[in-house]
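Undergrad: what's the 3D shape of this:
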Amino acid sequence: MTTQGLAPLTDEELERYARHIVLPEIGGAGQQKLKRARVLVVGAGGLGAPALQYLAAAGVGTLGIVDDDTVSLSNLHRQVIHDTGSVGQPKIESARAALTRINPNVSIDLHNIRLTDDNIRDLVAQYDIVTDGSDNFATRYAVADAAAAVGRPLVHAAVGRFDGTLTVLKPFESGPDGTLNPSYRDLFPEPPPAGLVPSCAEAGVVGALTGVIGTLQAMEVIKLIVGIGEPLIGRLLLYDALAARFDVMRYKRRG
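TA: Alright, predicted model coming up:
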(Lines give C-alpha, C1' and ligand atoms only; values in the text may rest on other atoms or scores of the structure.)
Protein backbone atom coordinates (compact mmCIF):
# COMPACT_ATOMS: atom_id res chain seq x y z
CA MET A 1 0.00 0.00 0.00
CA THR A 2 1.16 3.53 -0.68
CA THR A 3 0.34 6.86 0.88
CA GLN A 4 0.29 8.79 -2.41
CA GLY A 5 -2.58 11.27 -2.53
CA LEU A 6 -3.37 11.03 1.16
CA ALA A 7 -4.27 14.08 3.18
CA PRO A 8 -1.77 14.67 5.97
CA LEU A 9 -2.65 13.53 9.45
CA THR A 10 -4.50 16.16 11.43
CA ASP A 11 -3.17 17.57 14.70
CA GLU A 12 -5.77 15.47 16.55
CA GLU A 13 -4.65 12.34 14.70
CA LEU A 14 -0.99 13.08 15.38
CA GLU A 15 -1.76 13.17 19.09
CA ARG A 16 -4.12 10.18 19.01
CA TYR A 17 -1.57 7.96 17.25
CA ALA A 18 1.56 9.42 18.85
CA ARG A 19 2.66 6.08 20.32
CA HIS A 20 2.45 4.51 16.86
CA ILE A 21 4.20 7.36 15.11
CA VAL A 22 7.15 7.28 17.50
CA LEU A 23 7.81 3.66 16.50
CA PRO A 24 10.35 3.65 13.63
CA GLU A 25 8.60 0.58 12.15
CA ILE A 26 5.34 2.54 11.77
CA GLY A 27 5.98 6.28 11.87
CA GLY A 28 3.87 8.84 10.06
CA ALA A 29 4.00 6.94 6.76
CA GLY A 30 2.77 3.75 8.40
CA GLN A 31 -0.02 5.60 10.16
CA GLN A 32 -1.12 7.02 6.82
CA LYS A 33 -1.21 3.49 5.41
CA LEU A 34 -3.50 2.51 8.28
CA LYS A 35 -5.69 5.54 7.60
CA ARG A 36 -6.00 4.60 3.94
CA ALA A 37 -6.68 0.89 4.54
CA ARG A 38 -10.01 -0.86 4.10
CA VAL A 39 -10.47 -3.98 6.23
CA LEU A 40 -13.45 -6.36 6.15
CA VAL A 41 -14.21 -8.16 9.43
CA VAL A 42 -16.44 -11.21 9.08
CA GLY A 43 -18.38 -11.60 12.31
CA ALA A 44 -18.93 -9.09 15.13
CA GLY A 45 -18.76 -11.79 17.78
CA GLY A 46 -16.09 -13.19 20.08
CA LEU A 47 -13.16 -12.80 17.67
CA GLY A 48 -14.52 -9.89 15.68
CA ALA A 49 -15.13 -7.80 18.81
CA PRO A 50 -11.49 -7.34 19.92
CA ALA A 51 -10.24 -7.29 16.33
CA LEU A 52 -12.61 -4.44 15.48
CA GLN A 53 -11.83 -2.51 18.65
CA TYR A 54 -8.07 -2.58 18.16
CA LEU A 55 -8.25 -1.91 14.42
CA ALA A 56 -10.45 1.11 15.07
CA ALA A 57 -8.17 2.33 17.84
CA ALA A 58 -5.17 1.86 15.52
CA GLY A 59 -6.71 4.21 12.97
CA VAL A 60 -7.68 1.84 10.16
CA GLY A 61 -9.57 4.19 7.88
CA THR A 62 -12.49 1.99 6.87
CA LEU A 63 -13.84 -1.06 8.67
CA GLY A 64 -16.49 -3.24 7.06
CA ILE A 65 -18.50 -5.47 9.38
CA VAL A 66 -20.44 -8.52 8.16
CA ASP A 67 -22.98 -10.03 10.56
CA ASP A 68 -26.70 -10.75 10.35
CA ASP A 69 -27.20 -11.71 14.01
CA THR A 70 -28.57 -9.80 17.00
CA VAL A 71 -26.94 -9.38 20.41
CA SER A 72 -28.05 -11.89 23.04
CA LEU A 73 -27.30 -11.96 26.75
CA SER A 74 -25.22 -15.13 26.36
CA ASN A 75 -22.87 -13.28 23.96
CA LEU A 76 -21.71 -10.71 26.48
CA HIS A 77 -19.12 -12.74 28.41
CA ARG A 78 -16.89 -12.77 25.32
CA GLN A 79 -18.25 -10.33 22.73
CA VAL A 80 -17.06 -7.27 24.59
CA ILE A 81 -17.85 -4.77 21.85
CA HIS A 82 -21.51 -5.15 22.94
CA ASP A 83 -23.02 -4.37 26.34
CA THR A 84 -26.16 -5.15 28.28
CA GLY A 85 -28.03 -2.23 26.77
CA SER A 86 -27.44 -3.54 23.25
CA VAL A 87 -29.16 -6.90 23.81
CA GLY A 88 -31.67 -7.40 21.01
CA GLN A 89 -29.96 -4.95 18.66
CA PRO A 90 -28.32 -6.00 15.39
CA LYS A 91 -24.69 -6.76 16.16
CA ILE A 92 -23.44 -4.52 13.38
CA GLU A 93 -25.35 -1.52 14.79
CA SER A 94 -24.10 -2.18 18.32
CA ALA A 95 -20.55 -2.60 17.02
CA ARG A 96 -20.70 0.63 15.02
CA ALA A 97 -21.83 2.60 18.08
CA ALA A 98 -18.96 1.19 20.15
CA LEU A 99 -16.35 1.82 17.46
CA THR A 100 -17.51 5.38 16.93
CA ARG A 101 -16.99 6.01 20.64
CA ILE A 102 -13.48 4.56 20.37
CA ASN A 103 -12.46 6.49 17.26
CA PRO A 104 -14.82 8.80 15.38
CA ASN A 105 -12.26 9.17 12.59
CA VAL A 106 -12.93 5.63 11.33
CA SER A 107 -15.58 5.00 8.66
CA ILE A 108 -17.79 1.98 9.37
CA ASP A 109 -19.48 0.04 6.54
CA LEU A 110 -22.27 -2.27 7.69
CA HIS A 111 -23.23 -5.47 5.87
CA ASN A 112 -26.26 -7.03 7.54
CA ILE A 113 -26.20 -10.08 5.28
CA ARG A 114 -25.52 -13.78 5.31
CA LEU A 115 -22.58 -14.51 3.04
CA THR A 116 -23.33 -16.69 0.03
CA ASP A 117 -21.51 -17.77 -3.11
CA ASP A 118 -23.47 -15.09 -4.96
CA ASN A 119 -22.40 -12.09 -2.87
CA ILE A 120 -19.12 -12.89 -1.17
CA ARG A 121 -16.59 -12.23 -3.93
CA ASP A 122 -17.96 -8.81 -4.81
CA LEU A 123 -17.94 -7.85 -1.12
CA VAL A 124 -14.41 -9.09 -0.42
CA ALA A 125 -13.11 -7.28 -3.52
CA GLN A 126 -14.13 -3.92 -2.01
CA TYR A 127 -11.53 -4.26 0.77
CA ASP A 128 -7.75 -4.57 1.06
CA ILE A 129 -7.64 -7.26 3.76
CA VAL A 130 -10.16 -9.67 5.27
CA THR A 131 -10.19 -11.04 8.80
CA ASP A 132 -12.47 -13.98 9.52
CA GLY A 133 -13.92 -14.66 12.96
CA SER A 134 -16.88 -16.74 11.83
CA ASP A 135 -18.06 -19.70 13.87
CA ASN A 136 -18.92 -22.26 11.17
CA PHE A 137 -16.97 -24.15 8.55
CA ALA A 138 -19.21 -23.25 5.61
CA THR A 139 -18.50 -19.55 6.08
CA ARG A 140 -14.80 -20.13 6.71
CA TYR A 141 -14.36 -22.02 3.44
CA ALA A 142 -16.47 -19.49 1.52
CA VAL A 143 -14.46 -16.54 2.86
CA ALA A 144 -11.13 -18.24 2.23
CA ASP A 145 -12.07 -19.23 -1.33
CA ALA A 146 -13.34 -15.74 -2.14
CA ALA A 147 -10.27 -13.99 -0.69
CA ALA A 148 -7.98 -16.28 -2.68
CA ALA A 149 -9.97 -15.76 -5.87
CA VAL A 150 -9.85 -11.95 -5.74
CA GLY A 151 -6.33 -11.72 -4.33
CA ARG A 152 -6.98 -10.40 -0.84
CA PRO A 153 -4.93 -11.40 2.24
CA LEU A 154 -7.00 -13.27 4.83
CA VAL A 155 -6.29 -13.35 8.56
CA HIS A 156 -8.11 -16.44 9.79
CA ALA A 157 -8.71 -17.51 13.38
CA ALA A 158 -10.82 -19.99 15.32
CA VAL A 159 -11.36 -20.84 18.98
CA GLY A 160 -12.75 -23.73 20.98
CA ARG A 161 -13.19 -24.06 24.73
CA PHE A 162 -9.63 -23.19 25.92
CA ASP A 163 -7.59 -23.16 22.69
CA GLY A 164 -7.28 -21.07 19.57
CA THR A 165 -5.56 -20.98 16.19
CA LEU A 166 -4.43 -18.19 13.87
CA THR A 167 -2.89 -17.98 10.41
CA VAL A 168 -2.46 -15.59 7.47
CA LEU A 169 -3.36 -16.70 3.95
CA LYS A 170 -1.96 -15.25 0.70
CA PRO A 171 -2.20 -18.22 -1.69
CA PHE A 172 -2.13 -15.91 -4.71
CA GLU A 173 1.52 -14.99 -4.00
CA SER A 174 4.75 -16.94 -3.90
CA GLY A 175 6.99 -17.39 -0.89
CA PRO A 176 10.74 -16.76 -0.70
CA ASP A 177 11.43 -20.15 -2.30
CA GLY A 178 9.34 -19.30 -5.36
CA THR A 179 6.49 -21.72 -4.64
CA LEU A 180 2.94 -20.50 -4.12
CA ASN A 181 1.88 -19.91 -0.55
CA PRO A 182 -0.58 -22.44 0.90
CA SER A 183 -4.32 -21.89 0.94
CA TYR A 184 -6.94 -22.61 3.60
CA ARG A 185 -7.75 -25.85 1.79
CA ASP A 186 -4.10 -26.90 2.03
CA LEU A 187 -4.41 -26.53 5.79
CA PHE A 188 -7.91 -28.01 6.04
CA PRO A 189 -8.68 -29.95 2.82
CA GLU A 190 -12.32 -30.50 3.74
CA PRO A 191 -14.64 -29.67 6.63
CA PRO A 192 -15.19 -32.26 9.35
CA PRO A 193 -18.34 -34.36 9.21
CA ALA A 194 -21.46 -32.60 10.48
CA GLY A 195 -21.79 -32.91 14.24
CA LEU A 196 -18.18 -33.91 14.87
CA VAL A 197 -17.08 -30.47 16.11
CA PRO A 198 -19.49 -29.11 18.75
CA SER A 199 -20.65 -25.52 18.52
CA CYS A 200 -19.75 -22.85 21.05
CA ALA A 201 -23.22 -23.19 22.54
CA GLU A 202 -22.70 -26.94 22.98
CA ALA A 203 -19.09 -27.04 24.17
CA GLY A 204 -18.64 -23.60 25.74
CA VAL A 205 -15.72 -21.20 25.44
CA VAL A 206 -13.86 -19.10 27.99
CA GLY A 207 -14.51 -15.45 27.20
CA ALA A 208 -10.98 -14.10 27.62
CA LEU A 209 -9.68 -16.60 25.05
CA THR A 210 -11.47 -14.78 22.25
CA GLY A 211 -9.79 -11.58 23.38
CA VAL A 212 -6.35 -13.17 23.07
CA ILE A 213 -6.91 -14.57 19.60
CA GLY A 214 -8.96 -11.65 18.26
CA THR A 215 -6.28 -9.19 19.35
CA LEU A 216 -3.65 -11.29 17.61
CA GLN A 217 -5.78 -11.07 14.47
CA ALA A 218 -5.69 -7.29 14.70
CA MET A 219 -1.91 -7.40 15.12
CA GLU A 220 -1.49 -9.47 11.97
CA VAL A 221 -3.73 -7.07 10.03
CA ILE A 222 -1.67 -4.10 11.20
CA LYS A 223 1.55 -5.86 10.15
CA LEU A 224 0.12 -6.54 6.70
CA ILE A 225 -1.06 -2.96 6.21
CA VAL A 226 2.14 -1.30 7.36
CA GLY A 227 4.43 -3.93 5.84
CA ILE A 228 6.39 -4.89 8.94
CA GLY A 229 7.45 -8.10 10.60
CA GLU A 230 6.75 -11.64 9.45
CA PRO A 231 3.06 -12.42 9.02
CA LEU A 232 1.86 -15.93 9.83
CA ILE A 233 1.92 -17.08 6.20
CA GLY A 234 2.43 -20.84 5.99
CA ARG A 235 2.41 -20.97 9.78
CA LEU A 236 -0.43 -21.90 12.11
CA LEU A 237 -0.21 -20.36 15.59
CA LEU A 238 -1.73 -22.58 18.28
CA TYR A 239 -2.59 -21.27 21.72
CA ASP A 240 -3.39 -23.49 24.71
CA ALA A 241 -4.87 -21.24 27.38
CA LEU A 242 -4.81 -23.83 30.17
CA ALA A 243 -1.10 -24.50 29.67
CA ALA A 244 -0.33 -20.84 28.83
CA ARG A 245 1.53 -22.11 25.79
CA PHE A 246 1.99 -20.93 22.21
CA ASP A 247 3.21 -23.26 19.45
CA VAL A 248 3.70 -22.73 15.71
CA MET A 249 3.12 -25.39 13.08
CA ARG A 250 4.38 -24.88 9.54
CA TYR A 251 2.33 -26.06 6.57
CA LYS A 252 2.82 -25.99 2.80
CA ARG A 253 0.89 -26.04 -0.43
CA ARG A 254 -0.23 -29.56 -1.26
CA GLY A 255 -0.18 -29.43 -5.01
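
Undergrad: can you pull the contacts of Gly204?
TA: Listed by CB atoms under 8 Å, 6 or more residues apart in numbering, the contact partners of Gly204 are Arg161. Quick note: C-beta positions are derived from backbone N, CA and C, even for glycine.

Undergrad: Same check on Gly61?
TA: Leu34, Lys35, Arg36, Ala37, Arg38, Asn105, Val106, Ser107.

Undergrad: what about the third one, neighbour count?
TA: The one in question is Arg36. Arg36 is flanked by 19 other residues according to other CB atoms under 10 Å.

Undergrad: swap in the first one?
TA: By the criterion of other CB under 10 Å, Leu34 has 22 neighbours.

Undergrad: swap in the second one?
TA: When neighbours are defined as other CB under 10 Å, Lys35 has 21 of them.

Undergrad: before we move on, what about the fifth one?
TA: By other CB under 10 Å, the residues close to Arg38 number 17.

Undergrad: so it makes contact with Tyr127?
TA: Yes: because the distance of 4.5 Å satisfies CB atoms under 8 Å, Arg38 is recorded as touching Tyr127.

Undergrad: Residues in contact with both of the two, list them for me.
TA: Thr62, Gly64.

Undergrad: Could you tell me which of the contacts of Gly61 are located in helices?
TA: Using DSSP state H, the subset of the contacts of Gly61 located in helices is Leu34, Lys35, Arg36.

Undergrad: for the residues you listed, which one is nearest Gly48?
TA: Leu34 (18.5 Å; CB to CB).

Undergrad: buried sites along stretch 96-103?
TA: Judged by neighbour count using 16 or more other CB atoms under 10 Å, the buried positions of stretch 96-103 are Arg96, Ala97, Ala98, Leu99, Asn103.

Undergrad: For stretch 16-34, buried residues please.
TA: Neighbour counts over stretch 16-34 (16+ other CB under 10 Å) mark Arg16, Tyr17, His20, Ile21, Ile26, Gly30, Gln31, Gln32, Lys33, Leu34 as buried.

Undergrad: no wait, stretch 137-150
TA: Using 16+ other CB under 10 Å as the test for burial, stretch 137-150 gives Thr139, Arg140, Tyr141, Ala142, Val143, Ala144, Asp145, Ala146, Ala147, Ala148, Val150.
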